[in-house]
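Peer 1: quick one: sequence and predicted model below, then my questions.
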Amino acid sequence: MKAALLTGIRKFETRQVPEPKLARDTDVLIRVKLVGVCGSDIHYYTTGRIGSQIIQFPFTVGHEAAGIVEQVGAKVTRVKPGQRIAIDPAVSCGHCDQCRAGRENTCRELLFLGCPGQLTGALCEYLVLPETCCFPIRDRTTFEQAVLCEPLAIAVYAVERGRLPARANVAILGAGPIGMSVFHVLRANHVGEVFITDKIPGRLKFSQKLKPKYCGHPDRADVVKEISDLEPLLMDVVYECSGDPAAYGQAVRLLKPGGTFAIVGIPEVDEVPFPIHELRRKEITVLNIRRQAHCTQKAIDFLEAKKINLDAMVTHHFPLEETRQAFDLVTHYRDGVMKAMIHVD
C-alpha cells in the first residue's frame, strides 16, 4: 500500500509499505479516505519531536482521519464492512488505574496514531485499529466532517473540564482549528462574551464569523489592556490554544480571581514561565487538557445534529503525493489556511 513517510526534517516521500493485517478478533481494517493536518503533526515535521517523543525516521504521521471499514475481526460488533467511520486515534488498555477511573486519555499504556514509538500514523491507504476507535457516521456526514470530529472532540472535552459558570466570559488565545473548535462549542453552550487573540490576521478575520466581543493581535496591541477595558472584572476561563509561551502570562493577567486557565495548545519548548505571584494571589486553577476522553461521539452528535458547523474550516485539499506541500502550507500559514486535508485515495 502507499504511505507518505516523514523521512527527515521537512521531508516526505511516498513509498510502498506492507499492508497491515487483522491481529485480534476485535480489530478493524480501515481504508483511509481523508487525513487532516494537525498542529502536532507540524511539530514532528519541523522539529522531529514533541517533548520526549522523538521520531526515528522514516515514520508515518497523521491522526485526524476518516475512512471505510474493509474487514472486521470475528468479535467486532459496532461496525461492519462498507461502513463509513470517524476515527478516534487513541488506543487505551482498558485495565490500568487510569482507564478504570474513566481517564483513558492518560492511560498508562496509551497508544496514539502517528506518535513515535506507539502507532504508525494515518497517512497511508490502510489502518488496523480496535473497534473501540471506530465511530459510524451517517450517510450525509462528509469525510471532512468526520475528520474534524477529532479536534472538535478535544474542544468538547476542554469546555466540559473547564466547568463554566453561567454566562461566563471567556478568552481564547489562538484562533486556529483547535481554538475555533473551542469557540464553536462555547457558542453551543451559550456562554457570555468571547474574546479572541491571534497573531495571524486571517484567523482573526475568520473568527469574526462567530461574532466575538473582541479580536486582537498580541504583537500589535496590548490585548490584556484592551480586553480588561472592555470587561473590567476579567475572564472566568481562558483557553490557551496557540502553544505560544508568551500567551501564558497573558492568560494569567486576563483571569479574574478564582478563574481557570485551560492549557490546550502544545508548546514547542519544554519549559514555560508563569507569573507565579499573580497566579497564586488570584488562586487561578491551571487545567491541562490531554487530548480527550469520551467525547468523540459527542463531537459527531454536535455535527450531525447541526448544532455546530465546521465546514468553513476546511480550506485546502491535497493528494497523498503532495503531503509535503500540505505540511509546508500549514507550517507557514500561507493562503489563509485553517485546515488542510490530504486525500489518501
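Peer 2: Yep, that arrived. None of the values given here were measured: they were computed from a predicted structure. Numbering: from 1, shown residues only.
Peer 1: C-alpha only now, for contacts and for neighbours.
Peer 2: Will do.
Peer 1: quick one: residues contacting Phe57.
Peer 2: By C-alpha atoms under 8 Å, 6 or more residues apart in numbering, the contact set of Phe57 is Leu6, Thr7, Gly8.
Peer 1: swap that for Gln250, please
Peer 2: Val224.
Peer 1: check for me that it belongs to a helix.
Peer 2: Yes - assessed with DSSP: H, G, I helix; E, B strand; the rest coil, Gln250 lies in a helix.
Peer 1: that one and Lys225, how far apart?
Peer 2: 10 Å (C-alpha to C-alpha, to the nearest Å).
Peer 1: quickly list what's touching both of the two.
Peer 2: With C-alpha under 8 Å, 6+ apart, Gln250 and Lys225 have no common neighbours.
Peer 1: mind saving the C-alpha coords of the longest helix along the chain as CSV?
Peer 2: Ranked by number of residues, the top helix in the chain under DSSP state H is helix 143-162. Taking Å, rounded to 0.1, in the frame of the first residue of the first chain, the C-alpha atoms of helix 143-162 are listed here in CSV:
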residue,chain,number,x,y,z
PHE,A,143,-15.5,12.6,5.4
GLU,A,144,-14.3,16.1,6.0
GLN,A,145,-16.7,16.4,8.9
ALA,A,146,-15.7,13.1,10.2
VAL,A,147,-12.0,14.2,10.3
LEU,A,148,-13.0,17.3,12.1
CYS,A,149,-14.6,15.3,14.9
GLU,A,150,-11.1,14.7,16.3
PRO,A,151,-10.2,18.3,17.0
LEU,A,152,-13.8,19.0,17.9
ALA,A,153,-13.7,16.2,20.5
ILE,A,154,-10.8,17.9,22.1
ALA,A,155,-12.7,21.2,22.2
VAL,A,156,-15.8,19.4,23.7
TYR,A,157,-13.6,17.9,26.4
ALA,A,158,-11.8,21.1,27.1
VAL,A,159,-15.1,23.0,27.6
GLU,A,160,-16.5,20.2,29.8
ARG,A,161,-13.5,20.2,32.0
GLY,A,162,-13.5,24.0,32.3
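Peer 1: after it comes which helix or strand?
Peer 2: Next helix or strand after helix 143-162 toward the C-terminus (DSSP states H and E): strand 170-173.
Peer 1: picking that back up, which neighbouring elements make contact with the longest helix of the chain?
Peer 2: Counting contacts by 3 or more C-alpha pairs under 8 Å, 6 or more residues apart in numbering; DSSP states H and E, helix 143-162 is packed against strand 27-36, strand 64-72, strand 84-87, helix 177-188, strand 255-263, helix 296-304.
Peer 1: so what touches the longest one?
Peer 2: In other words, helix 177-188. Residues contacting helix 177-188 (C-alpha under 8 Å, 6+ apart): 151-152, 154-156, 158-159, 172-173, 194, 207, 210, 239-242, 265, 307-310, 313, 338-339.
Peer 1: then the first one?
Peer 2: Contacts of strand 27-36 with the rest of the structure, by C-alpha under 8 Å, 6+ apart, involve 20-22, 62-73, 76, 122-131, 143-144, 147-148, 339-345.
Peer 1: export that strand as PDB, just CAs?
Peer 2: Taking C-alpha atoms only, strand 27-36 is exported to PDB below (Å, rounded to 0.1, in the frame of the first residue of the first chain):
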ATOM      1  CA  ASP A  27      -9.600  -5.400  15.100                       C
ATOM      2  CA  VAL A  28     -10.900  -3.500  12.200                       C
ATOM      3  CA  LEU A  29      -9.200  -3.000   8.800                       C
ATOM      4  CA  ILE A  30      -9.900   0.600   7.600                       C
ATOM      5  CA  ARG A  31      -9.400   2.000   4.100                       C
ATOM      6  CA  VAL A  32      -8.300   5.600   4.900                       C
ATOM      7  CA  LYS A  33     -10.100   8.200   2.900                       C
ATOM      8  CA  LEU A  34      -9.000  11.500   4.300                       C
ATOM      9  CA  VAL A  35      -6.500  12.900   6.800                       C
ATOM     10  CA  GLY A  36      -6.300  16.300   8.400                       C
END
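Peer 1: what are the pairing partners of it, and which direction each?
Peer 2: The pairing partners recorded for strand 27-36 under DSSP bridges are strand 64-72 (antiparallel), strand 126-130 (antiparallel), strand 339-343 (antiparallel).
Peer 1: quick one: list the elements packing against the next helix or strand after it.
Peer 2: Using DSSP H and E, the helix or strand that directly follows strand 27-36 along the chain is helix 39-47. Identification of packing neighbours for helix 39-47 by 3+ C-alpha pairs under 8 Å, 6+ apart yields strand 49-50, helix 323-331.
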